[in-house]
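# Just the structure for this:
(3 chains)
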Amino acid sequence: MTPRPVHAGAPVLVAVLLIASCSPDGDPGDPEEAPETVEDTDEVDPTDEDAEETDVEETDDEGRPTDDPEDEAATADGATVTLLTHDSFDVSEDVLDLFTESTGHAVDVVPLGDAGTALNQTILTGDAPQGDLLFGVDNTFLSRAIDEGIFTTHESPLLDEVAEGFVLDDQHRVTPVDRGDVCLNYDVAYFEEAGLDVPEELTDLTEPEYEGLLTVTNPATSSPGLAFLLATVETFGEDGYLDFWERLQANDVLVTDGWSEAYYDEFSGAGDGDRPLVVSYASSPPAEVIFAEEEPEAAPTGVIEASCFRQIEFVGVLAGAEHPDEAGELIDFMLSEPFQEDIPLTMFVFPVNENAELPEVFEEHAVLPDDPLDIDFELIGEHREDWIEAWTAVVLR
Amino acid sequence: MLRITDLSVSYGDHVAVTGLSLDAPDGKVLCVLGPSGSGKSTVLRAVAGLEPPRAGTIELDGTRLDGLRPDQRDVGLMFQEHALFPHRSVDENVAFGPRMRGLGRATVRRRVEEALALVDMSATARRPVTELSGGERQRVALARSIAPRPKLLMLDEPLGSLDRTLQTRLLEDLPHVFRELGTTVVYVTHDQHEALALADRVAVMRDGRLEQVDEPAALWRAPRTTFVADFLGLTYLTALPVRDGVASGPWGPLPVPGTPDGEHDVVLLPGAVRATDPQRPRRPGELAVPAYVADRRFAGDHVRLVATPDAGPRLSVAVRSEVVPAPGDRCELALDPRAVRVLEDDGAADGPLALTLTSPSRPSSSEHPAQEPS
Amino acid sequence: MNAARTRSRRGTTAALLTVPAAFLAVFFLYPVATIVVTGLAPEGHPELGVLGRVVTDPSVREVAWFTLWQALLSTAATLAVGLPGAYVLSRIDFRGRRLLQAGVTIPFVLPTVVVGSAFLALLGPRSPVNAALSALLGEAAPTLDLRRTVTAILVAHVFFNYAVVVRTVGGLWSLIDPRVEDAARVLGASRWRTFREVTLPLLRPAIASAAAIVFLFTFTSFGVILLLGGPGRATIEVEIHRATTQLLDLPLASTLALLQLVAVVASLLVYGRLQRRTTTQPLVGSATTLRAPRSRGERWFLRANLVLVAALLLAPLLVLVERSLSTGAGYALTNYRNLFSAERATVLAVPAGEAVRNSLVFGVAATAVAFVVGGLAATAATVSRGRAADLVDRALMVPLGTSAVTVGFGFLIALRHPPLDLRGSVLLVPVAQALIATPFVVRTLLPVLRSIDERLREAAAVLGATPARIWREVDLPIVGRAALVAAGFSFAIAVGEFGATVFLARANLPTMPTAIFRLLGRPGAANFGEAMAMSTLLMLVTAAAIVAIDRLRIGQVGRF
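This is a model prediction of the structure:
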């Protein structure tokens, strides 16, 4: 372990840290573990051998690599950019390698929990953030991120290839990366067998024939839940959405706290549940095709277009970033075609770059409404808590 | 009167008591004597209703106890190691039984006072039982078991965990307490000394069966089996050939009238063997047992000699004369040929002891004057 | 001389306590204090008005009230179900007893995320109970649907905490001489009266400390409430999570965290008092208190308990296994094959082998940390028997009752400036796990350390053993086994830890619970199947650890 002068003033802490740090990979008493960890980190970045390996070791032992002057020396040809994100982020290894190859910068991905958690953590660590950029703020929470001033500007040249509607911040503190609309999904087989029409409009859901069929998620704890609530606000207006929810409530709507309970435990189209309508994503039907045990002809689930609410996810360089320029380069890369074309099959959302081609399974099974429901993000920011609270009072209490 | 008929108790596959029939007469003390594991405690637990019998009946004063729960039987049981309630004080322990019988506050208090007075523990009434010494605990346990005035009082090795001085003292107190109470007492012990001191009748148990029931003196005078003889600390000679009512022993003929011809085990009754000396020479009719002294132990008012005869098993005798031979010396013992009994063949000597004549090697045999004429 | 000895003992205690105290201060007090202060003094000066605002808010009061009564009810239910179980497992000998004793501990170390889905299936309209009902009654059968009810919360709380009662109370029960109860029976007390007047008072310290711990766990319940209680119900812990991760209302979160801390410390104080009483309570030694069931009533009692354990504890675990094996066309190992054959094509993809290995490595690291910290604290408490050691011992338990989100966020906010800049460090995961595992190490080691009879060491010394030799020949063999048990149990706890790990685990080093969480966050039957397979693996790893340490027959695991 490299001695660090900063520890000298706190010998007790050094002792604690020594005890703690010798175990995961540096324990001399456990020779098997050390090489394995190195090998593991190797896999993260197989292209950049010597320099990266040193860097990775430092990272594992010491914490954040870029604090150390030695680290800078070790990665003279590039820095390690730390990308903070939520748990649903993903990207193919070889795509990320393209970035490292072309820029010389390694990328360290740090998931921080769900989207809300990731954003709030980043806000709370504002002056010394855990990374250089944050991905995963969507339009329903964008105003909070902007108001808190956690992002600094970066205008990507690739914005030319992005439809204007997705660029919500004209100061470019945030850059759109993907769109994943939240829509009601339905169980195709159920409606066929029951001889029931798939509801076309949100108001249909309050009809008696759809009683007890719908599962939604709690907007206070789940981001698709919030999007669906916003969809009802947009459809029925601020004066009308609570009426709709009251009628929905009377029609035996079921609320769960999280998406996975709703989707796997209540929805009949994907899991063990017995409700054929659920709040999910426009991309869920192709996901059901890809992750089926045997690939079906047609997706077992479908999307009700009139219920779709636009969710755009953004990335931004953090105000306290150590490597703002490199972070900007990563943002540019995230807008480029290789990354954009990787998005559908890793994150199950749609690219914003108009030149990016959709994979076949998305072309075939995904429905992406041209003009989904949408509310201005600043308006959402102003009313989000009130709407949620009013909803909670009507539906849960 | 307690009457046990044909009682069998088993724990899973293990048979603890089998086919046992036993009476405990009113107001008398019945001692159940036997080595550990012989089923003594199980009999008490079955009578108390703590073990369900597999077969047999138990009657107390003509009432069948079998179907009753322990709390309905009105018997007292003093447990081995006492089993006092550690969370209660001395008087609360003693008051428990009377309280359970729904007696009034004043009656309960009187019973507690009486019981504690009987065992001389009135001064410690308020103390937590965890602070008591072994002897005090024993007395409290006794007081607790008599306080409800049960029709039958049973005691399971009550002196087992105490040191010898205390044992001796309590052994002197107990008959007094039993007399005072006047109830029927069943007293379980592995110590023949206790049984001798307390019992009106002694029941010897072995492997879950009853081996012999008798008054103490009768038991010593006529042990029926090698097991009983062994347990009482008596010496016996195995497999002596008997012909026409006379057994040929290693030291001469022993009259055993009425015994059929064949091989038989013969026990030497207490007082059968004595040491001779010039003042007390061998009398006519006594057989000479030439031997040398193997060991010599002082026992207060007498000396105990362990002698190895030239033939036959080791013998142990008490000597009261001033001159006592030293180990290695020759000596002559005298055997009264009338003080022998033929034992029933019970298979107790089936082990390696069967071939040689043996005397009990229990350590207590040297300390209890078992072969002293009593 | 006495004063000198006391002084040197104090010195030893202080030296021993340095590391545990520092660990607690740096990795618990400092982070939690940081986040609470951030909430209550956002501009650098305290704004205590927020305290009053929150405490008088009717919805907060409602949450606090619900938290309290569901915890009390859950504690009562767990005791009601657990006490007969404690009796059966400590008094009745039957085949498979030891295995069962180990088995009931598995739920305790499993995270909610693993069993939640199985629980929903068992409580929902398609449960075996409902299947049996409709088979019996046909169309007229009522459908039991316990999802999103308080009953579901209670059932789950019993499921997770059953072991605490069985182990804690059963441990004491097996030390109570059954003849004491027999004595009461012979003295005329009925079965019930004997239980009330003799057994219960003797068990009271153990019952009370088990109750305090179950109360602590259920008062701070999070996953169970979210998953099974439905969105209408929230405990303080749930509200802290929501206020922190969704609303970013730190004043609210901090106030709630303080409120919860008060309740937790209070129940730990109660627990501490009772603990002292347990240690001073003399127990009746007895050869063995175990025996085969004798009466017919006892056999029925045993059977009823086994059925209950099977229904309550085994069923959810079996459903988990069943789901992991189920494919579209019958049962197969497809999910496991997929799990292990998955190539690491994307950054956050989780090949099973890696997650298992990370979990094991982190678990070993956390165990090492917990062992050093807990071992030193337990040694200090044995040497001194004084206040400071007791205080550290109690304080080490506070993290058990502290919101994972408070600790997780606290870590991230507090530990980001030199000299303690641990941003992104892999150390945080084992440290957070060790925080949860340490109290279990202390609880396992302390009674054993205290039970070593000084006369054993004296005997060894008289027989010619040097002090070092005494330690090796006397202390080590006795403590060694307990140490293995403590290590094994803290390993199981660390492997199952989810709440704090999920904030801290890094993308390239997912643990089994975080992998399950990620798999469940994606659509597609294969993902769900793999999540179930991974859950089953996690269950097997923790079960293996627990069964292994139970073989050591120390019998103290999970005892409080």
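# use CA for all of it now, contacts and neighbours both
Fine.
# Show the backbone phi and psi for the most centrally placed residue in chain C.
Nearest residue to the geometric centre of chain C (Cα atoms, centre = their mean): C:Phe108, 5.3 Å. Main-chain torsions, C:Phe108, degrees, to the nearest 10: phi -60, psi -30.
# isn't it right up against C:Val166?
No. Applying Cα atoms under 8 Å as the test, C:Phe108 and C:Val166 come out as separate, 11.5 Å apart.
# contacting residues for the residue nearest to the centre of chain C?
Taking Cα atoms under 8 Å, 6 or more residues apart in numbering or on different chains, we find C:Phe108 in contact with C:159-164.
# possible to save those as JSON lines with secondary structure?
Below are the contacts of C:Phe108 laid out as JSON lines (DSSP: H, G, I helix; E, B strand; the rest coil):
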{"residue": "C:Phe159", "secondary structure": "helix"}
{"residue": "C:Phe160", "secondary structure": "helix"}
{"residue": "C:Asn161", "secondary structure": "helix"}
{"residue": "C:Tyr162", "secondary structure": "helix"}
{"residue": "C:Ala163", "secondary structure": "helix"}
{"residue": "C:Val164", "secondary structure": "helix"}
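# Quick one, which of those are buried?
Buried members of the contacts of C:Phe108, scored by 16 or more other Cα atoms under 10 Å in any protein chain shown, are C:159-164.
# okay, now C:Arg387: neighbour count?
10 (other Cα atoms under 10 Å in any protein chain shown).
# Now the closest residue to chain B within the stretch 201-350 of chain A: closest residue in space that isn't a chain neighbour?
Of all residues in the stretch 201-350 of chain A, A:Asp272 sits closest to chain B, at 47.4 Å by Cα to the nearest Cα. Closest residue in space to A:Asp272, ignoring its immediate chain neighbours: A:Asp265 at 5.4 Å, by Cα to Cα, 6 or more residues apart in numbering or on different chains.
# That neighbour reaches A:Arg275, doesn't it?
No. The pair A:Asp265 / A:Arg275 is not scored as a contact, 9.3 Å apart, by Cα under 8 Å.
# Which residue is the nearest non-sequential neighbour of the residue of the stretch 1-150 of chain B at minimum distance from chain C?
Closest approach between the stretch 1-150 of chain B and chain C, counting by Cα to the nearest Cα: B:Asp71, at 3.7 Å. Ranked by Cα to Cα, 6+ apart and with sequence neighbours excluded, the top spatial neighbour of B:Asp71 is C:Gly188, at 3.7 Å.
# quick one: secondary structure of the residue of the stretch 101-250 of chain B found nearest chain A?
Residue of the stretch 101-250 of chain B nearest chain A, by Cα to the nearest Cα: B:Thr130 (44.9 Å). Of the three states, B:Thr130 takes helix under three-state DSSP.
# Need the per-residue pLDDT for it.
Listed pLDDT for B:Thr130 reads 84.
# Now for A:Gly165, how many residues are close by?
When neighbours are counted by other Cα under 10 Å, A:Gly165 comes out with 8.
# distance of it from chain B?
To chain B, A:Gly165 is 79 Å away according to Cα to the nearest Cα, to the nearest Å.
# now swap in C:Thr38 and tell me
C:Thr38 sits 50 Å away from chain B, going by Cα to the nearest Cα.
# For that residue, identify the helix or strand it belongs to.
Per DSSP states H and E: C:Thr38 is located in helix C:30-40.
# Now do that helix, average pLDDT.
88.
# One more: stretch B:261-278?
On average, stretch B:261-278 scores 86.
# SS state for A:Val107?
Here A:Val107 is strand, with the state taken from three-state DSSP.
# Looking at strand pairing, list the partners for it.
A:Val81 (DSSP bridges).
# from memory it sits against A:Thr80, does it?
Yes. Counting by Cα under 8 Å, A:Val107 does reach A:Thr80; the two are 5.5 Å apart.
# Now for residue 107, how many residues are close by?
The chain I'm using is chain A. Close neighbours of A:Val107, defined as other Cα under 10 Å, add up to 20.
# looking at chain C here, not the other one
Using other Cα under 10 Å: C:Pro107 sits among 26 other residues.
# what helix or strand does it sit in?
In the assignment (DSSP H and E), C:Pro107 maps to helix C:106-109.
# shaky segments in the stretch 51-200 of chain B?
Across the stretch 51-200 of chain B, nothing is flagged by pLDDT under 70.
# Show me which residues of it sit near chain C.
With Cα under 8 Å from any Cα of the partner chain as the criterion, the stretch 51-200 of chain B meets chain C at residues B:51-52, B:70-79, B:83-87, B:96-97, B:100-101, B:130, B:145, B:148.
# So which of the residues you listed sit within helices?
Counting by DSSP state H, these place B:96-97, B:100, B:145 in helices.
# helix/strand/coil for the residue nearest to A:Asp272?
Under three-state DSSP, A:Asp265 comes out as helix.
# and C:Gly408, that's in a helix?
Yes. Secondary structure of C:Gly408 (three-state DSSP): part of a helix.
# Can you show me the helices along the stretch 51-200 of chain A?
A:69-74, A:93-103, A:115-124, A:142-147, A:188-194 (DSSP state H, counting those that start in this stretch).
# Compute the inter-axis angle for the third one and helix C:30-40.
On the basis of axes from the mean of the first three to the mean of the last three Cα atoms, to 10 degrees, helix A:115-124 is oriented at 90 degrees to helix C:30-40.
# Excluding its own residues, what touches helix A:115-124? List them.
By Cα under 8 Å, 6+ apart, helix A:115-124 touches A:84-87, A:111-112, A:129-130, A:134, A:136-137, A:141, A:145, A:148, A:150, A:223, C:244-246, C:248, C:409, C:412-413.
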